[in-house]
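**Q** With the sequence up front, the predicted model follows.
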Amino acid sequence: MTAITAESIMPLADAVPGTASPAVAMRRLSKRYDERWVLRDITLDVPMGSYLALLGANGAGKSTLLHTLAMLSPATRGGLCLFGESAARPSPALRARLGMIGHQPMLYRDLSAAENLIFFGKLYDVSRPKQRALDMLERVGLADRAQSVVKTFSRGMTQRLSIARALMHAPELLLADEPFSGLDVPSVRAVSALLSELHADGKTVILTNHDVRQSLELAQRVVVLRQGGVVSDRPVLDADAEEVTREVIG
Amino acid sequence: MTKVLRQIALVSGKDLRIEARSRQTLGLVVVLGVLIVVVLGLGLGPQQVASGMAATAVLWVAYLFGGVLCFEKTMAVERHDGALAGLMLAPIDRGVIYAGKLISNLALMVALALVVTPVAVVMFGFDLSASPFGFAAIMAGGFVGFAAVGTLFAAAVSSTRLQGGLLAMVVFPLSLPLVIASTQMMARLFGEGEPLGSVGLTVLIAFDAVYLVVSWLVFELILEP
């Protein structure tokens, strides 16, 4: 199979007058672990500034797809472009346009909340990282715990700090892999409000989630994955929660 | 170039800050190193201790086992809570992560040597004043090469469940040329009072250069979040 490059995807995007390159363009993206295909021929465009929810049962391939989009592991075959640039050999500038919230917080337990954010801010060349860290802590409601080490945080606090880490460098594309799992109700509300704020700011958000109704409330478009392939892709306005749930369950 | 150096300093500075706060690695490594020197020193008895080769070999055994623990622990920090994925998402070359980890490991090994070496001096009767710079040069050459290999394979092994045992099994054989060269040079330096030859040092430097360059190049391929 021929890999799709930035050059071959760009004309597709430019063919529609007034539209820029999509934030994400996947062409027959496939991923295999050992002998098992966990992603199969996924072809999707995610326009800039959109909010997409990826739904699917456990093992459907949601997290693998987000890891591939984050360029943490390469696709086995097919093509992936982010902001019109091939993800095969991503430049540092391309990486800097991405932020990710994962199953794990991607934080250092023995560093304080502020130290974690300042460290990542400096890695991303954020100007005035200390001030930015304090601003982000304020935004996620952790300003009073700035000097506390992360290992003393609850799950909800750690998740909010993880979001602050992912947003330190103001990414244009945020990949959120089940950001609500294990959170209590107030934390779920806080995190979903943060994601909606980001979308309102014009950022592109791709969210994986198990909660169909919540996803339909938050996102603009919903894509259902099953056994590594796309089984449905529609705007949330056309989506019925019961029908989407049936698609998820299969 | 300045940016890369700054990024390397950030990564290693973060590791050392975590170590300074938790003190998990250094305490363990130093105790292990001292125990190895004392137990083997007492076990070998006064006649063997008097032999320069046995004494320097014991010292290197302490450095090797302590070093492997350092490599494991500094990489384990990245495995907790998926921190490595956070580093890999950042707009930095993978080589920066390698170099940062290497420097952290070297700093810990130097700290280990600062405690274990005086113990060995007392146990084995080394006269460091005879050639302190020669000793420092051998240590530096040996440590850089050993840490270069250890840092690379610690990253590879950390994603497996075997970890500790596997890392030692991989790193020790690969480090054998360095250990042999370092031990023999040190034995000649202290046992027989020979000055440090340029050939031995060249061998050390050549190993270091090969290990460093190859490790920098392949680190990207073995790193998994």
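**A** Nice, I can see it. Only a predicted model underlies this, so the values are computations on that prediction, with no experimental measurement involved.
**Q** for chain B, what are the nearby residues on chain A?
**A** A:67, A:70-73, A:92-96, A:98-100, A:102-111, A:115, A:119-120, A:122-125, A:149-150, A:165 (C-beta under 8 Å from any C-beta of the partner chain). Where C-beta positions appear, they are placed from N, C-alpha and C, glycine not excepted.
**Q** so A:Glu217 is in which element?
**A** Per DSSP states H and E: A:Glu217 is located in helix A:212-218.
**Q** A:Pro22 should be in a helix, yeah?
**A** No - in this structure, A:Pro22 is coil, not part of a helix, as judged by DSSP: H, G, I helix; E, B strand; the rest coil.
**Q** buried ones in the helix or strand containing B:Met169?
**A** Taking DSSP H and E as the criterion, B:Met169 maps to helix B:164-190. Buried residues in helix B:164-190, counting neighbours by 16 or more other C-beta atoms under 10 Å in any protein chain shown, are found at B:167-168, B:170-172, B:174-175, B:178-179, B:181-190.
**Q** Chain neighbours aside, what residue packs nearest to B:Ile222?
**A** Using C-beta to C-beta, 6 or more residues apart in numbering or on different chains and skipping residues adjacent in sequence, the residue nearest B:Ile222 is B:Ala156, 4.3 Å away.
**Q** neighbours around that neighbour, how many?
**A** 18 (other C-beta atoms under 10 Å in any protein chain shown).
**Q** pLDDT weak spots in the chain?
**A** Assuming you mean chain A. Low-confidence segments of chain A, defined by pLDDT under 70: A:1-20.
**Q** The chain in question should be chain B.
**A** Looking at chain B by pLDDT under 70, you get B:46-52, B:161-164, B:191-197.
**Q** in chain B, which helix has the most residues?
**A** helix B:94-124 (DSSP state H).
**Q** Next SSE downstream of that helix?
**A** Proceeding N to C from helix B:94-124, the next assigned helix or strand is helix B:132-157, under DSSP H and E.
**Q** List the buried residues in that next one.
**A** If you call a residue buried by 16+ other C-beta under 10 Å, then helix B:132-157 has these buried ones: B:134-135, B:137-157.
**Q** Measure how far it is from the centre of its chain, please.
**A** The chain centroid and the centroid of helix B:132-157 are separated by 4 Å under C-alpha atoms, centre = their mean, to the nearest Å.
**Q** Stretch A:174-182 now?
**A** Distance, stretch centre to chain centre, for stretch A:174-182: 8 Å (C-alpha atoms, centre = their mean).
**Q** The residue positioned nearest the centre of chain A bridge partners, please.
**A** Note on chain A: the residue nearest the mean C-alpha position is A:Leu175, at 0.7 Å, using C-alpha atoms, centre = their mean. A:Leu175 has these beta-bridge partners by DSSP bridges: A:Met100, A:Ile206.
**Q** surely it meets A:Gly99?
**A** Yes - at 7.2 Å, A:Leu175 counts as touching A:Gly99 under the criterion of C-beta atoms under 8 Å.
**Q** residues in contact with the residue nearest to B:Leu87 when sequence neighbours are not counted?
**A** Excluding its sequence neighbours, the residue lying closest to B:Leu87 (C-beta to C-beta, 6+ apart) is B:Ile97, at 5.6 Å. By C-beta atoms under 8 Å, 6 or more residues apart in numbering or on different chains, the residues touching B:Ile97 are B:11, B:87-88, B:219, B:223.
**Q** and what of B:Thr151?
**A** Counting by C-beta under 8 Å, 6+ apart, B:Thr151 makes contact with B:71, B:74, B:98, B:101-102, B:105, B:215.
**Q** which pair in the residues you listed spans the largest distance?
**A** Using C-beta to C-beta, these span at most 14.6 Å, a distance reached by B:Thr74 and B:Ser215.
**Q** more neighbours, those two?
**A** For B:Thr74 versus B:Ser215, the count of surrounding residues by other C-beta under 10 Å is larger for B:Thr74: 27 against 22.
**Q** any idea how far the closest residue in space to B:Asn105 that isn't next to it in sequence is from chain A?
**A** In space, and not counting its chain neighbours, B:Asn105 is closest to B:Ala147: 4.6 Å by C-beta to C-beta, 6+ apart. Going from B:Ala147 to chain A by C-beta to the nearest C-beta, to the nearest Å gives 21 Å.
**Q** same deal with B:Val38?
**A** Counting by C-beta to the nearest C-beta, the separation of B:Val38 from chain A is 31 Å.
**Q** can I assume that residue sits in a strand?
**A** No - B:Val38: not assigned to a strand; according to three-state DSSP it is helix.
**Q** If you tally nearby residues, what's the number for it?
**A** Neighbours of B:Val38 (other C-beta under 10 Å): 17.
**Q** For the residue lying closest to A:His210 once chain neighbours are set aside, grab phi and psi.
**A** Leaving aside its chain neighbours, A:His210 sits nearest to A:Glu178 (6.9 Å; criterion: C-beta to C-beta, 6+ apart). Backbone torsions of A:Glu178, given as degrees, to the nearest 10, read phi 40, psi 60.
**Q** can you list contacts of the one helix or strand B:Lys14 maps to?
**A** Using DSSP H and E, B:Lys14 sits within helix B:2-22. With contacts defined as C-beta under 8 Å, 6+ apart, helix B:2-22 is touched by A:108, A:110-111, A:115, A:119, A:122-123, A:149, B:25-26, B:74, B:77, B:87, B:92-93, B:96-97, B:99-101, B:103-104, B:107-108.
**Q** Return a ChimeraX selection command for the buried portion of the residues you listed.
**A** Buried residues within the contacts of helix B:2-22, by 16+ other C-beta under 10 Å, are selected in ChimeraX with:
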select /A:108,110,111,115,119,122,123,149 /B:25,26,74,77,87,92,93,96,97,99,100,101,103,104,107,108
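**Q** what helix or strand does residue 64 sit in?
**A** Unless you meant another one, I'm taking chain A. A:Thr64 belongs to helix A:62-69, assigned by DSSP H and E.
**Q** meant chain B actually
**A** Taking DSSP H and E as the definition, one finds B:Leu64 inside helix B:52-79.
**Q** Just want the angle from that helix to helix B:2-22.
**A** Relative orientation of helix B:52-79 and helix B:2-22, computed by axes from the mean of the first three to the mean of the last three C-alpha atoms, to 10 degrees: 100 degrees.
**Q** Helix B:52-79: which residues count as buried?
**A** Applying 16+ other C-beta under 10 Å to helix B:52-79 flags B:52-75, B:77-79 as buried.
**Q** Tell me what angle it forms with helix B:94-124.
**A** Going by the same axes, to 10 degrees, helix B:52-79 makes 140 degrees with helix B:94-124.
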